[in-house]
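In: Quick one, what's the 3D model for this:
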Amino acid sequence: MDSAWDELTLAFSRTSMFPFFDIAHYLVSVMALKHQPGAEAVALRNPLSSWFTAMLHCFGGGILSCVLLAEPPLRFLANHTNILLASSIWYITFFCPCDLVCQGYSFLPVQLLAAGMKEVTRTWKIVGGVTHASSYYKNGWIVMIAVGWARGAGGTIVTNFEQLVKGSWKPETEEWLKLSYPAKVTLLGSVIFTFQHTKYLSISKHNLMFFYTIFLVTTKITMMLTKTSVSPFASFEDILGRMLFGRQQQFSTCGKKNEIKSSFNGTGSSTSKPTIDASDKVKKKHTKKTE
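Out: Predicted coordinates:
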C-alpha cells in the first residue's frame, strides 16, 4: 500500500506542466488582464503594449525571482516555446472572431478547470524557486523563501510596477499592503518547501507537493463555488493577531480609561472647592449679621 502511494505521488511530482497546465495558467492570467477596465481599448489601439502587459502577467513571477537573484530579468524571453504559446493565448483572447474564447471561458466548469490547473502550476513554481535559490545560497533559507514566494505569486507585484509606469497605479491596490489570498498561501508554501529542502521537515518532496497541491486546488474551487473572497486563514490570522499584537491594544485602551478617570476626578475636585468657598462666605455673612 505504501509503495503504491509513493508511486502515485512520485508520478504526480514528475508531471510536466507543458503544455496543458501552462495553457491554463496563461489563459487565466490573460483573462484577468482582459477584465481590467480599458484593457480591450488598449489592445485595439496599441497591440504591442497589450502584448507586453500580458507577458508580464504570465511570466511576472519568474521576472521578479530573477531580479532578486541578480539574474537578467528578460531571461524568460529565451524560452521561445512558452513565449509563442502565451502570445497565442493572448491573441485569441483579445482578437478571436465573435469573442468565442471569452464566451467559452464564461462557463463555470471551464473556469473551475482552468483555475485548478493554474494552482497546480503554483506548486511547481514554488518548488522551482526554492531549488533555484538553494543553488546560490545553500543555507540561506530566507532567500529560498523569498525567491519561492516571488516565483509563485510575484506576477501581481510586477504588474503593479507596469501600472505605475503607465500612470494608472493606485496605492490601495499594492500587493505588499493588502496581501491577497494567493500571496499568503504562496508564502506559506514557500516556507514549508524551504523547511523540507533544508531537512527541517521530515517528509518527502513528492508527498508534500501532492498534499499542498490538493489543498490549493480544493480551496480555490471552494472559494469560486461559494463566491467568497474571504481567506481560509482569516480566523487563524485573527487569533494570531490577538495573541501577538492584541496585548498592546489592551494596554492602550486601559491607559485611555485611566486617563479619563483621572481627568474626571480632577474636575470633580476642582468643582467641589468653589462650593466649599461659597458656604464659608455664607457662614461669615451670617455671623456678621448676628454680631
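
In: Please name every helix or strand in contact with the host helix or strand of residue 113.
Out: If you go by DSSP states H and E, residue 113 is part of helix 108-134. Judged by 3 or more C-beta pairs under 8 Å, 6 or more residues apart in numbering; DSSP states H and E, the packing partners of helix 108-134 are helix 20-34, helix 47-68, helix 100-105, helix 141-153, helix 181-197, helix 205-226. All C-beta spots, glycine's among them, are computed from the backbone N, C-alpha and C.

In: Please export the alpha-carbon coordinates of the helix or strand just after the first one; CSV is fine.
Out: Next in sequence after helix 20-34, counting helices and strands by DSSP H and E, comes helix 39-45. Presented in CSV, the C-alpha positions along helix 39-45 are these (Å, rounded to 0.1, in the frame of the first residue of the first chain):
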residue,chain,number,x,y,z
ALA,A,39,-7.7,46.6,-21.5
GLU,A,40,-9.6,45.9,-24.7
ALA,A,41,-9.3,49.5,-25.9
VAL,A,42,-5.5,49.4,-25.3
ALA,A,43,-5.3,46.1,-27.3
LEU,A,44,-7.0,47.7,-30.2
ARG,A,45,-5.1,51.0,-30.0
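
In: Any idea how many residues pack against residue 2?
Out: 6 (other C-beta atoms under 10 Å).

In: what's the answer for the one 4 residues further on, then?
Out: A count of nearby residues for residue 6, using other C-beta under 10 Å, gives 13.

In: Buried deepest among the helices and strands packed on helix 108-134, which one?
Out: Neighbour counts (mean count of other C-beta atoms under 10 Å) averaged over each of the helices and strands packed on helix 108-134 peak at helix 141-153, with a mean of 24.

In: name the helices or strands packed onto it?
Out: Against helix 141-153 (3+ C-beta pairs under 8 Å, 6+ apart) you get helix 47-68, helix 108-134, helix 181-197.

In: would you list these in a markdown table and tack on mean pLDDT and distance to residue 155?
Out: Formatted as a markdown table, the helices and strands packed on helix 141-153 follow (pLDDT from 0 to 100; distance: least, C-beta to C-beta, whole Å):
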| stretch | mean pLDDT | distance to residue 155 |
| --- | --- | --- |
| helix 47-68 | 93 | 3 |
| helix 108-134 | 97 | 10 |
| helix 181-197 | 95 | 9 |
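
In: Residue 94: which of the ones you listed is closest?
Out: helix 47-68 (6.7 Å; C-beta to C-beta).

In: neighbouring contacts of that closest one?
Out: 25-26, 29-30, 32-33, 39, 42-43, 72-76, 82-83, 86-87, 90, 94, 125, 129, 132-133, 143, 146-147, 150-159, 162 (C-beta atoms under 8 Å, 6 or more residues apart in numbering).

In: Please apply the same query to stretch 97-117.
Out: Residues contacting stretch 97-117 (C-beta under 8 Å, 6+ apart): 20-21, 24-25, 27-28, 31, 34, 92-93, 96, 217, 220-221, 224-225.

In: what about it, start to end distance?
Out: Counting by C-alpha to C-alpha, to the nearest Å, you get 26 Å between the two ends of stretch 97-117.

In: and if you look at stretch 198-212?
Out: For stretch 198-212, the first-to-last residue distance is 18 Å (C-alpha to C-alpha).

In: Residues contacting that stretch, please?
Out: Applying C-beta under 8 Å, 6+ apart, the external contacts of stretch 198-212 come out as 6, 8-10, 12-13, 123, 127, 139, 141, 144, 189, 192-193, 195-197.

In: export the helices and strands packed on helix 108-134 to a markdown table and tack on distance to residue 119?
Out: Compiled in a markdown table, the helices and strands packed on helix 108-134 are given as follows (distance: least, C-beta to C-beta, whole Å):
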| stretch | distance to residue 119 |
| --- | --- |
| helix 20-34 | 9 |
| helix 47-68 | 14 |
| helix 100-105 | 17 |
| helix 141-153 | 10 |
| helix 181-197 | 9 |
| helix 205-226 | 4 |
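
In: what's the closest of these to residue 246?
Out: Per C-beta to C-beta, nearest to residue 246 of the helices and strands packed on helix 108-134: helix 181-197, 19.9 Å.

In: Which elements pack onto the closest one?
Out: In terms of contacts (3+ C-beta pairs under 8 Å, 6+ apart), helix 181-197 is packed against helix 108-134, helix 141-153, helix 205-226.

In: can you pull the contacts of residue 95?
Out: Counted by C-beta under 8 Å, 6+ apart, residue 95 has contacts residue 43.
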